[in-house]
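[1] Attaching a predicted model along with its sequence, questions to come.
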Amino acid sequence: MAAPLRVLVTGAAGQIGYSLVLQIAKGDVFGADQPVVLVLLDIPPMAAVLEGVQFELTDCALTTLRGVEAVTDEKSAFTNIDYAFLVGAMPRKEGMERKDLLAANVRIFKSQGKALADFSKPTTKVIVVGNPANTNAFIAAKYAAGKIPARNFSAMTRLDHNRATAQVALKSGVTIGDVKNVIIWGNHSSTQFPDVKHAKVNKGGSETDAYSAVGDSAWLQGPFISLVQKRGAAIIERRKLSSAMSAAKAACDHIRNWHVGTPAGEWVSMAVPSDGSYGIPEGLIFSFPVTVEGGEWKIVQGLDLDDFAKAKIAATTKELEEERDEALAACADSKQ
Ligand code: NAD
Ligand code: LMR
């Protein structure tokens, strides 16, 4: 059996953490033959809750789980980790946009970016889940630069990708496995562009495009887009808490694909540092369609974008540039 991977989950005493840690511990992410040591980080007031989660994980008696460490300091958390799930941050409440969390959360990611540089390996891979996820990932990557390459930082738009896939499957009357290659472009926010122009649906035994399978272009260009953009808010309105089960599942999907690769002919959406593809300013953490091979993601090139798509992508790019500038200003002001 392989040597254990050391996997950090921050915010592990929170809602998403509670769903996430079991999936990682039982092999859903790294496989049934890959042992893991879980490192759980939360803030000191949550130490007892964290210990409760640690006890429960131990009591699951999992063959893949080789240790659980519950910690409340960054040095213990970030030392020698292979993967980091950065979840710990404040969630939004009803009526807020995710970027309203920027000032409160960005300092966490500045501090954790520095901790990654100080204590983690140059090969450590990071997914940021805490909102506003793209901009938090940008800040973490900035403060870890010099030690960990920017391409090891990503933000989660897989939940949006899964939401879009599920809606296309429902509307086409097929199963989830019959839909592939939806795309989420841009920010994990209400400006994101869920795009099914290049998606494929297996309907009645033959592969067709999503527009034909759905048979309702007006829905795809209107209600479908806002449904996916506002799904997080719809869940908060109903649960009075933000999505947790689906967010944890999406984080696992994201890291599993990064670790083991994407199937032939398929891509997934990941927010990664732009290399200038599709005219997106370099360095912005932007959601693109990506394929993964040998642990390295690659942005899918050459997709045709019509004027509708270009306008939507421009809007989400503008929002990300504004968030970046606001976050940099907040970090410059903070002494931590
Ligand atoms: P939660 O409030 O239940 O849990 C957050 C946990 O983080 C708490 O236990 C808190 O003590 C901890 N925390 C706060 N500061 C920390 C720090 N500096 N270090 C370590 N831990 C810290 O929230 P949740 O529902 O689990 O959501 C967590 C974050 O994920 C929120 O920002 C939420 O908006 C975001 N989210 C993102 C997506 C996405 O698709 N990207 C989806 C759902 C939720
Ligand atoms: C989501 O998309 O469900 C999360 O980002 C939580 C939120 O604030 O919407």
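    The structure has been received and is ready for your questions. Residues are numbered from 1 along each chain as shown. Ligands and ions are numbered 1, 2, ... in the order given.
[2] Can you give me the neighbour number for whatever residue of the chain ends up closest to ligand 2?
    Of the chain, the residue with the smallest distance to ligand 2, taken as Cβ to the nearest ligand atom, is G232 at 2.1 Å. Backbone N, C-alpha and C define where each C-beta goes, glycine included. The tally of other residues near G232 (other Cβ atoms under 10 Å) stands at 23.
[3] my guess is it contacts L241, does it?
    No: using Cβ atoms under 8 Å, G232 is not in contact with L241, being 11.2 Å away.
[4] Flag every residue of the protein that's near ligand 2.
    For the chain, the contact set with ligand 2 under Cβ under 6 Å from any ligand atom comprises P91, R92, R98, N131, L159, G232, A233, I235, S242, S243, A247.
[5] neighbour-wise, which of those residues leads?
    Among the residues of the chain next to ligand 2, N131 has the most neighbours (other Cβ under 10 Å), with 27 neighbours.
[6] So the spatially closest residue to that one that is not a sequence neighbour versus ligand 1, what's the distance?
    The shortest distance from N131 to any non-neighbouring residue, by Cβ to Cβ, 6 or more residues apart in numbering, is to R98 (4.2 Å). With distances taken as Cβ to the nearest ligand atom, to the nearest Å, R98 is found 6 Å from ligand 1.
[7] got the contact list for R98?
    R92, N131, P132, A133, H188, S189, G232 (Cβ atoms under 8 Å, 6 or more residues apart in numbering).
[8] Could you check how far A25 is from I183?
    Computed with Cβ to Cβ, to the nearest Å, the distance linking A25 and I183 is 31 Å.
[9] Same drill for these two, tell me which one is more crowded.
    More crowded of A25 and I183, by other Cβ under 10 Å: I183, with 25 against 22.
[10] partner residues bridging the more buried one?
    Beta-bridge partners for I183, by DSSP bridges, are D195.
[11] residues making contact with the strand or helix carrying F109?
    Assigned by DSSP states H and E, F109 falls within helix 102-119. Defining contact as Cβ under 8 Å, 6+ apart, one finds that helix 102-119 is touched by 10, 74-75, 77-80, 84, 86, 88-90, 124, 126, 128, 130-132, 135-137, 139-148, 323, 326-327, 330-331, 334, 336.
[12] and these, which of them are in strands?
    Judged by DSSP state E, the subset of the contacts of helix 102-119 located in strands is T10, A84, L86, V126, V128.
[13] wait, doesn't the fourth one sit right on Y143?
    No: contact criterion Cβ under 8 Å: V126 and Y143 do not qualify, at 11.6 Å.
[14] Look at the two and report which has more neighbours.
    More crowded of V126 and Y143, by other Cβ under 10 Å: V126, with 25 against 20.
[15] Look at L8 and tell me its secondary structure.
    Of the three states, L8 takes strand under DSSP: H, G, I helix; E, B strand; the rest coil.
[16] Could you check how far it is from A150?
    Relative to A150, L8 is positioned 19 Å away (Cβ to Cβ).
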